[in-house]
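Colleague: Requesting a structural model of the entry that follows:
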Amino acid sequence: MVSGGKFHLVFSATGSRKNARKIAQMLVDRRLAACVNIVPGVQSLFRWKGKRRDERECLILIKTRKSLLPQIERALRKYHAYELPELISLPLGKGSALYLEWIAQSTSKSERK
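Modeller: The predicted model follows:
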């Protein structure tokens, strides 16, 4: 295990599997993410515009570089169906050296469109 400080795991919930897949494909195709996991069937309770909501959502987990977070935020604002997309990012404390290298290669600037 090595330090993963320059890599982040980003969370965002979407209202549909279709929107989650659209976002995931765009992020991977643009090399903004090495991998995006789509977790369907998440039950979310939250307060929105003064009312408690209880919704079924898809959670997307985005593996990326810290330096790409501003671009990911812009992409989520553009492609996410929600008025206010969730964007929570956690730095990776440690990870497998080979896996972290794969994230680095998969999000390589020289390969980005």
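Colleague: quick one, strands of the protein?
Modeller: For the chain, the strands defined by DSSP state E cover 2-3, 7-14, 35-48, 51-65, 88-91, 94-95.
Colleague: where does the chain have low pLDDT?
Modeller: Along the chain, segments meeting pLDDT under 70 span 110-113.
Colleague: for this structure, which helix is longest?
Modeller: Longest helix of the chain, by residue count under DSSP state H: helix 17-29.
Colleague: tell me the contacts of Thr14?
Modeller: 20, 23, 57-60, 80-82 (C-beta atoms under 8 Å, 6 or more residues apart in numbering). C-beta coordinates here come from the backbone N, C-alpha and C atoms, glycine included.
Colleague: Mind doing that once more with 10 Å?
Modeller: 20-24, 38, 40, 42, 57-60, 76, 79-82, 85-86 (C-beta atoms under 10 Å, 6 or more residues apart in numbering).
Colleague: Mark which of these are buried, thanks.
Modeller: 20, 23-24, 57-60, 76, 80, 85-86 (16 or more other C-beta atoms under 10 Å).
Colleague: which residues pair with the residue most central in space within the chain across the strands?
Modeller: Central residue of the chain (C-alpha atoms, centre = their mean): Ile62, 3.1 Å from the mean position. Ile62 forms beta bridges with Val10, Val36, as assigned by DSSP bridges.
Colleague: what do you get for Ser89?
Modeller: Counting by DSSP bridges, Ser89 forms beta bridges with Val10.
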